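K.L.:
here is my input, please return the structure:
(chains A and B)
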Amino acid sequence: MKSRAARKRMMPLRSWLLAVMALLLLPLGGCGFVDIDKRFFVVAVAIDKSGSEQKPYRITLRLSIPNSKIEPGMEKSQVETIEAAEISEGVRRIKALLDKELDLGHCKMFVLGKKLSHDDISDAVDWMVRRRDIQGSAYVAMAGSQGYDILQKMPLSERYSGNSLFLTFGGDGTRSSYIRTEHLFDLQRRRTERGMDPYLPVIRTTGNGYEVDRLALLDKTKVRTILTPEETQLFNQLDQQYVNSIIKTKLDGHPIILTATDISSRYTVSSNGILKMKVNIAGAIEEAPNNVFNQDWGELQKMFERDLEKDAMALFQKIQKAGVDPFGFGLRYRATHLSSRAYQEWLEMYPRLKFEIQAKVKIQGTGLIK
Amino acid sequence: MLQRINELFATSNDVKTHRISNGSLILEVAYIATLVEENKLYDAIFVPFSRELKPFADVVRSDPSFKPVEDPAIWTDLMLRGYVLLKVEQSFFCYFAAKVIRNTSPQTSVESSIEGPQIALSEDLSDSANIIRARYATPDLQVEEYTVGYLSKTQILMMFDQRRADPKVLSLVRAKIRGIQTDILSATGELAKALNDNRKRLFPMELITERVDRVSRGLANGKVIVMMQGSMFAIILPITFFDLMVATEDRYENFWMSILLLSLRFCALLLTTTLPALYIAIVSYNPELFRVQLAFSIAGSRAAVPYPSFVEVFIMLFMIEMLVEASVRLPKYIGSTATTVGGLILGQAAQQAGLVSSIMIIVTSVMAISNFVIPVYSLSLSVRFIKYPLILLAIFFGLPGVACGLFFFVIYLCNQRSFGRPYFRLILPGDLKHTDIGEVNHE
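P.N.:
Predicted coordinates for the structure are as follows:
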């Protein structure tokens, strides 16, 4: 046993060691310490095909310039673009053009150019998924033409840069039945999952801002077909039960429009190659000829049902013809059929799959009090 | 006797010794004039002695307020505590005639309450004991007396409910009080420190209170109350951490509001400890944690600040700690001016001068205000300290550092024992006499 004095003499050594160890901890923080005002926040990234052989990618970043006073239209942002052989190389070369640290942490918008999407999105999505500072909840979309044009466009109403796109896809702002949001995590899931294919909303520029009402359907790597706005809405209704959307029919040449307030859709895929889908829609009439209240509502409902079945069948057949599966029918088949060859069976079955759609529409009111 | 006393108190002018005679009896009296109320002396000793309606020797023997003193060694002790020494026919007596200067009719001032009892404990032990006895009228209330301090000879009172208090805690406290070695004991905080083995504890292990309702509630819950002469605060022990977060009013007011206020206090506790550290960690390491709007507006408001975020935090913390300290020490009239000048003008100006960002002003004031929400002063002091280690961790390790630091504090709290009882637990078991999980018998 050590004497008290000896232990006392030991103490300085031990505290020295502790102090040295504590000092060694300090550099562990590394270069992570960068103040918020020394960072350049990227709000959107566009990846295009440049067309050249050596440098096939064209990377565009939209950088926000922070302003202490936030007013609509006061927002300034900077767009940097570069052509590079690889995406990561391009981003690093853009770093050399800037005076502050590039921060992708707030980058919630990724726009893939039309050419790239029709060619192969694998490399681009792979890069997004791998980077640790890109959030899985970022939105991914396809540009109507060049991703660069989308980023150049700065809508008048923006309070801070990128806000228009964030609001469009985030569901905080506009809620449109024509917009289908695709998150990065979901895109990656659809890219890798067997029996489910990815899709991307299509952004086009207009006079004042953006127009997002189409959906591009992809196989695992590239765009196969693009849905029209009506088809996109129907896709949202059938797949996500998207309410506040509309269905149409015609009565003696007059359009009648029903706002759906309640949608349910259910389907089963049976192994004999038939997909049965039941759609129930309830809603109020929003636009109709004046005398609609006195019409036979049962008749009207039948008309809605007939048109809905027809449209849905057309949509399914279009998707089937394109050879893609954005609904995830294949995944459902795999989940409900106990066989190690289920996916194989599905792949063989899908081109010949028959659809049986049973729609039921209920008119809850005409929107007017008699 | 008188000769001996004169030797003991050789140079004290206020030691009075008299040898008086009424013809039949010779009385020797010794006392310290400054400690003794001379009126009492005349009423009890000099007047009956000179009139001699009854032989004074009989009076002394029959009146229980005259206590016989056998041991000459405690003469000085007795005199220093305000006793008068008497020698009547070769036997010695003492008579208590102390004059105690104290705060009159004490009102709660440190832990004020709106509808709770407004009277506080007194600086005089007997008054305090009186107040407590009046509110805890049961024969189970036991009082033990000790004297601590070689020079101050401070009287200490330990009160407990003998049916409810844990005997293990009692013996531990007794041993601790007997073991105190100090010259002067002048405040309850000092006593509380002396009762603890570890002076470097981060959190208070006992509750110091002036509130009578807290004391009587504590007694009913089997706690031990330790009070000292000359301080209007009592120590309640053992406690749990959550006792420190409860204000007495929580029991008096609306149930839902009390729950809300209690949870508010815990939020405030979390905010006041972590907010500056989180500010550094988020602003300098992980700005993606904010919403985009906030990130941009912070970036905008920080653009003028030339220093890194932690220097900014230190500037503001330094200012706010100085302000709090200044307003505690200053007289009441100047205190409010100091806080106005500091809080409003300095904060505003610092932001306009580009020394700190406007968000930092908010962070600092939220931190300071939430600190004041904590109902017990000693805990609020501890909490004021523990944010600094967290800030250091935030500077070097960012968010993971803060998370680890908080984790460390939770583990540290779990490891603490308040007089052998687990400190960081929600509810003490109803039956306090039986052993408890994680109980340690010897500290």
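K.L.:
contacting residues for residue 182?
P.N.:
Went with chain A since none was named. A:Tyr139, A:Val140, A:Ala141, A:Pro198, A:Tyr199, A:Leu200, A:Pro201 (Cβ atoms under 8 Å, 6 or more residues apart in numbering or on different chains). Every C-beta, even on glycine, is put in place using the N, C-alpha and C of the backbone.
K.L.:
meant chain B, my bad for not saying
P.N.:
B:Val148, B:Gly149, B:Tyr150, B:Glu190, B:Ala194.
K.L.:
quick one: B:Val224 and B:Gln162 touch, right?
P.N.:
No. Under the criterion of Cβ atoms under 8 Å, B:Val224 makes no contact with B:Gln162, lying 10.8 Å away.
K.L.:
more neighbours, the two?
P.N.:
B:Val224 (25 against 12; other Cβ atoms under 10 Å in any protein chain shown).
K.L.:
look up the closest residue to the more buried one, ignoring the ones flanking it.
P.N.:
B:Phe160 (4.6 Å; Cβ to Cβ, 6 or more residues apart in numbering or on different chains).
K.L.:
phi first, then psi, for the one you found.
P.N.:
Here is the backbone geometry of B:Phe160 (degrees, to the nearest 10): phi -160, psi 160.
K.L.:
need the pLDDT of the nearest residue in space to A:Thr181 that is not next to it in sequence.
P.N.:
Once flanking residues are discounted, A:Thr181 sits nearest to A:Phe169: 4.5 Å by Cβ to Cβ, 6+ apart. On the pLDDT scale, A:Phe169 is placed at 88.
K.L.:
surely A:Phe169 is in contact with A:Tyr139?
P.N.:
Yes. Applying Cβ under 8 Å, one finds A:Phe169 in contact with A:Tyr139, separated by 4.1 Å.
K.L.:
quick one: common contacting residues for these two?
P.N.:
A:Met109, A:Thr181.
K.L.:
what's the local residue count around A:Gly253?
P.N.:
Neighbours of A:Gly253 (other Cβ under 10 Å): 6.
K.L.:
dihedrals phi and psi, it?
P.N.:
Per degrees, to the nearest 10, the backbone of A:Gly253 is at phi 80, psi -10.
K.L.:
also the one 4 residues further on?
P.N.:
Comment: the main-chain dihedrals of A:Ile257 come out as phi -120, psi 130, following degrees, to the nearest 10.
K.L.:
for B:Leu149, grab phi and psi.
P.N.:
I think there's a mix-up here, since residue B:149 is Gly and not Leu. phi 100, psi 120.
K.L.:
spatially nearest residue to it (excluding sequence neighbours)?
P.N.:
Nearest one to B:Gly149, counting by Cβ to Cβ, 6+ apart, is B:Leu185 at 4.2 Å.
K.L.:
mind listing what that neighbour touches?
P.N.:
B:Val148, B:Gly149, B:Ser152, B:Thr154, B:Leu191, B:Ala194, B:Met228.
K.L.:
show only the entries of the residues you listed found in strands.
P.N.:
The strands, defined by DSSP state E, take in B:Val148, B:Thr154, B:Met228 from the contacts of B:Leu185.
K.L.:
including pLDDT and neighbour count, could those go into TSV?
P.N.:
TSV is the format used below for the ones in strands among the contacts of B:Leu185 (pLDDT from 0 to 100; neighbours: other Cβ atoms under 10 Å in any protein chain shown):
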residue	pLDDT	neighbour count
B:Val148	89	21
B:Thr154	88	21
B:Met228	91	27
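K.L.:
helices or strands next to whatever helix or strand B:Val383 lives in in the packing?
P.N.:
Using DSSP states H and E, B:Val383 falls within helix B:377-415. The helices and strands touching helix B:377-415, judged by 3 or more Cβ pairs under 8 Å, 6 or more residues apart in numbering or on different chains; DSSP states H and E, are strand B:207-209, helix B:255-284, helix B:309-329, helix B:358-373.
K.L.:
on that earlier part again, the residue nearest to B:Val224 against B:Leu170, yeah?
P.N.:
Yes. The pair B:Phe160 / B:Leu170 is scored as a contact, 6.4 Å apart, by Cβ under 8 Å.
K.L.:
these two: who's more crowded?
P.N.:
B:Phe160 (24 against 17).
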